[in-house]
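Asker: Fold the following, please.
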Amino acid sequence: MSHVCHTLHQFLSGMLKRDFQFDPKCIPKNGIYILFEKGETGHDTERIVRIGTHAGRNQLHGKLQQHFADEHTEKNLFRKNIGRAILNRRGDSFLKQWESLRTTSTARGREVGVLDPEKLLKTEIQVTYYIHEAFRFVSFAVEEKAERLLWESKIISTVAQCSECRPSNNWLGLHSPQEKIRESGLWLVNELYQEPLSEEDFGELEKIITKSHETESSCDRTGG
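Answerer: Numbering: from 1, shown residues only. You can find the predicted model right below:
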């Protein structure tokens with residue numbers, strides 16, 4: 001598995017990585033994204049820290065926009081996990097209210113009272129700043145939902161179960177209250193221990209990514 005994970009990292013490191021200012025026209029409408037985080041290394045290159053996809057048709061761009069720009073964390077678990085780690089690292093009592101963002105307003109009122117809007121806005125801004133500064137991504141097209149979910153699961157499990165893909169001592173995720181994030185080194189809690197990529201799987205995946213990357217590269221050369 002470490003060999004496949006090494007090959008995967010080395011292969012993806014040669015792809016064009018984008019930041020929050022990406023051109024939507026150069027992103028596949030349906031596909032998978034893979035995030036890399038500043039300061040994190042693995043297999044002699046940048047370490048993969050999250051793999052994701054989308055359920056709805058033609059929603060890859062929208063999913064990435066939610067991560068990078070949509071300051072409504074109750075809709076986005078990735079942003080919530082970044083905020084959890086930021087708040088927990090400094091022992092901020094607002095963490096309890098932040099945890100309530102995905103609950104109903106009635107339940108939230110019972111548990112933590114009314115959210116502090118000023119502190120909420122400040123935290124959302126900090127999350128956005130961190131994401132803009134720390135993350136870059138590659139993406140590739142996979143048209144069918146079932147295939148996207150299968151490849152997403154296999155890639156996640158490959159990285160999560162690799163003994164050589166470990167976070168640095170300074171990785172923000174080590175401050176996460178979520179044990180699975182701390183243990184896996186990924187900003188994820190699902191699909192960590194499913195079936196990883198086989199060498200045969202990787203050969204097929206490599207063809208899919210190469211074909212998609214050729215299309216993306218052409219888009220960049222022509223300005224969309």
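Asker: where along this structure do the strands fall?
Answerer: For the chain, the strands defined by DSSP state E cover 31-42, 45-52, 135-141.
Asker: Quick check: buried residues in the first one?
Answerer: So the one you mean is strand 31-42. Using 16 or more other C-beta atoms under 10 Å as the test for burial, strand 31-42 gives 31-37, 40, 42. All C-beta spots, glycine's among them, are computed from the backbone N, C-alpha and C.
Asker: can you check the shortest one too?
Answerer: Residues of strand 135-141 classed as buried by neighbour count (16+ other C-beta under 10 Å): 135-141.
Asker: Show me what that strand is packed up against.
Answerer: strand 31-42, helix 60-68, helix 199-221 (3 or more C-beta pairs under 8 Å, 6 or more residues apart in numbering; DSSP states H and E).
Asker: Just the mean pLDDT for it, thanks.
Answerer: Averaged across strand 135-141, pLDDT comes to 96.
Asker: which residues sit against that strand?
Answerer: 12, 15-20, 22, 27-38, 46, 49, 60, 64, 68, 208-209, 211-213, 215-216 (C-beta atoms under 8 Å, 6 or more residues apart in numbering).
Asker: again, 6 Å this time
Answerer: 12, 15, 17-19, 27-28, 31, 33-37, 209, 212 (C-beta atoms under 6 Å, 6 or more residues apart in numbering).
Asker: Let's test this: name the helix or strand in the protein with the lowest mean pLDDT.
Answerer: helix 105-112 (a mean of 44; mean pLDDT, DSSP states H and E).
Asker: Where does pLDDT dip in this structure?
Answerer: Low-confidence segments of the chain (pLDDT under 70): 1, 71-73, 102-114, 216-218, 220-224.
Asker: Run a quick neighbour tally on E204.
Answerer: A count of neighbours around E204, defined by other C-beta atoms under 10 Å, yields 12.
Asker: Give me the distance from stretch 150-161 to the chain's centre.
Answerer: 13 Å (C-alpha atoms, centre = their mean, to the nearest Å).
Asker: what sits up against that stretch?
Answerer: Contacts for stretch 150-161 (C-beta under 6 Å, 6+ apart): 1, 4-5, 32, 48, 51, 53, 165, 184, 186, 191-192, 194, 196-197.
Asker: Among these, list the two that are farthest apart in space.
Answerer: Spatial extent of these (C-beta to C-beta) is set by the pair M1 and T53 at 21.4 Å.
Asker: Just want to know which of these two has more residues nearby.
Answerer: In this view M1 and T53 are compared by other C-beta under 10 Å, and T53 has more residues nearby, 22 against 17.
Asker: Surely that one is in contact with E147?
Answerer: No: assessed by C-beta atoms under 6 Å, T53 is found out of contact with E147, at 9.6 Å.
Asker: To what extent is R79 buried, counted in neighbours?
Answerer: 24.
Asker: let me fix that: I125
Answerer: Quick note: I125 (other C-beta under 10 Å) scores 11 neighbours.
Asker: how about a markdown table for the strands of the chain, with distance to L174 added?
Answerer: Converted to a markdown table, the strands of the chain look like this (distance: least, C-beta to C-beta, whole Å):
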| stretch | distance to L174 |
| --- | --- |
| strand 31-42 | 11 |
| strand 45-52 | 12 |
| strand 135-141 | 17 |
